[in-house]
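Novice: Just the structure for this:
(one chain, ligands or ions: 1)
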Amino acid sequence: MLLDLRGKKALVTGIANNRSIAWGIAQQLAAAGCELGITYLPDDRGRFEGKVRELTAPLNPSLFEPLDVQNPAQIEALFQRIAEQWGRLDVLIHCLAFAGKDELVGDFSAISPEGFARALEVSAYSLAPLCRHAKPLFSPGASVITLSYLGAERAIPNYNVMGVAKAALEASVRYLAAELGPEQQVRVNAISAGPIRTLASSAIGGILDMIHNVEEKAPLRRTVTQDEVGATAAFLASPLASGITGQVIYVDAGYCITGM
Ligand SMILES: NC(=O)c1ccc[n+]([C@@H]2O[C@H](COP(=O)([O-])OP(=O)(O)OC[C@H]3O[C@@H](n4cnc5c(N)ncnc54)[C@H](O)[C@@H]3O)[C@@H](O)[C@H]2O)c1
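Specialist: Just a heads-up that it's a prediction; the model follows:
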């Protein structure tokens, strides 16, 4: 069986620019034949809309919608549009996270309740309402994919509250897989990616040291690319992965197996 996603309708969240992991995923899904819906984070200054529209235009998305996951009305409106325009959803890519810069450096115990809540709401909780709204639209065998990082299970310097958010996200993957599997055969998985330079990762104190450490120690002696993460997402979205759900798949050049 070859990887063939022709005719599948895929919603990709989390593209900010051409370094975004979601951009790597969108390109791989399009190359495999998916019809794309793209979301961007709206803001008063319109920082993302124009850039993301221009970047994604060559992939001919049939939906292009605003999505701030902290805005329930916007989530509702997005899925209303998907229902009207597509009538179903085959692939849902959740590729977004946020924590304040101050929370991604220094002592974990210094975290404020507001900083903790915001990181968890955007980076972990948001997967649940997206799945809740998508539930009536999921086609049999649909695939949900989110993005995690090793900081979910190891104490990585400066990753701090985002590690807690990723642990909650990985647990959410298991609960959602258990909920959506039995009747709808919907699969829910996370990709745990190695460190990649992006807008979000630049907020993490010492991200370059993290990347250099991976380049020195990972079995492949390098970190991974957005395209490699995208290729794994395309595989997980396809019937080739029909037996895989509730898992965290590592796309990290093997770094997570190393001991020293
Ligand atoms: N870059 C890495 O090293 C790395 C490694 C493992 C996992 N990840 C994860 O990959 C995902 C994508 O991050 P990235 O590194 O490509 O960075 P990125 O900055 O390109 O993407 C993060 C996205 O999150 C979006 N976002 C932030 N707050 C939002 C909100 N309230 N509503 C909707 N969207 C919002 C931003 O608009 C942006 O598009 C994140 O979950 C991140 O934690 C990144």
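Novice: What count of nearby residues applies to I15?
Specialist: 26 (other C-beta atoms under 10 Å). Placement of C-beta: from N, CA and C, glycine included.
Novice: Point me to the helix or strand that includes the closest residue to it other than its chain neighbours.
Specialist: Using C-beta to C-beta, 6 or more residues apart in numbering and skipping the chain neighbours, the partner closest in space to I15 is A22 (4.4 Å). Using DSSP states H and E, A22 maps to helix 21-31.
Novice: Point out where the stretch 151-260 of the chain drops to low pLDDT.
Specialist: Of all residues in the stretch 151-260 of the chain, none has pLDDT under 70.
Novice: Other residues contacting the helix holding A22?
Specialist: With contact meaning C-beta atoms under 8 Å, 6 or more residues apart in numbering, helix 21-31 is reached by 5, 8, 10, 12-17, 36, 38, 55-56, 59, 91, 93, 95-96, 145, 147, 193, 196, 198, 225-231, 233-234, 237.
Novice: Of those, which are in range of the ligand?
Specialist: G14, I15, A16, C95, L96, L147, A193, I196, T198 (C-beta under 6 Å from any ligand atom).
Novice: so the fifth one makes contact with G14?
Specialist: When you say that, I think you mean L96. Yes. In terms of C-beta atoms under 8 Å, L96 counts as a neighbour of G14; the distance is 4.0 Å.
Novice: those strands in the stretch 151-260 of the chain, which residues are they?
Specialist: 187-193, 248-251 (DSSP state E, counting those that start in this stretch).
Novice: For L127, which of those is the nearest?
Specialist: strand 187-193 (8.5 Å; C-beta to C-beta).
Novice: Remind me what that closest one packs against, helices and strands.
Specialist: Counting contacts by 3 or more C-beta pairs under 8 Å, 6 or more residues apart in numbering; DSSP states H and E, strand 187-193 is packed against strand 138-148, helix 160-184, helix 226-237, strand 248-251.
Novice: What residues sit buried inside the first one?
Specialist: Translated: strand 138-148. F138, S139, G141, A142, S143, V144, I145, T146, L147, S148 (16 or more other C-beta atoms under 10 Å).
Novice: With the last one instead?
Specialist: Burial within strand 248-251, assessed by neighbour count using 16+ other C-beta under 10 Å, is assigned to V248, I249, Y250, V251.
Novice: The residues you listed into TSV, with extra columns for distance to D209?
Specialist: TSV is the format used below for those (distance: C-beta to C-beta, whole Å):
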residue	distance to D209
V248	24
I249	25
Y250	20
V251	21
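Novice: before we move on, back to that, greatest separation within the buried residues of strand 138-148: which pair is it?
Specialist: S139 and S148 (24.7 Å).
Novice: Burial check on F235, number of neighbours?
Specialist: Neighbours of F235 (other C-beta under 10 Å): 18.
Novice: if we can go back for a sec, packing partners of the next helix-or-strand element following the helix holding A22?
Specialist: For helix 21-31, the succeeding helix or strand toward the C-terminus, using DSSP H and E, is strand 35-40. In terms of contacts (3+ C-beta pairs under 8 Å, 6+ apart), strand 35-40 is packed against strand 9-12, helix 21-31, helix 49-56, strand 63-66, helix 72-85.
Novice: how much space is there between the residue nearest the centre of the chain and S123?
Specialist: With distances taken as C-alpha atoms, centre = their mean, C95 lies nearest the centre of the chain, 2.0 Å away. Using C-beta to C-beta, to the nearest Å, we find C95 at a distance of 11 Å from S123.
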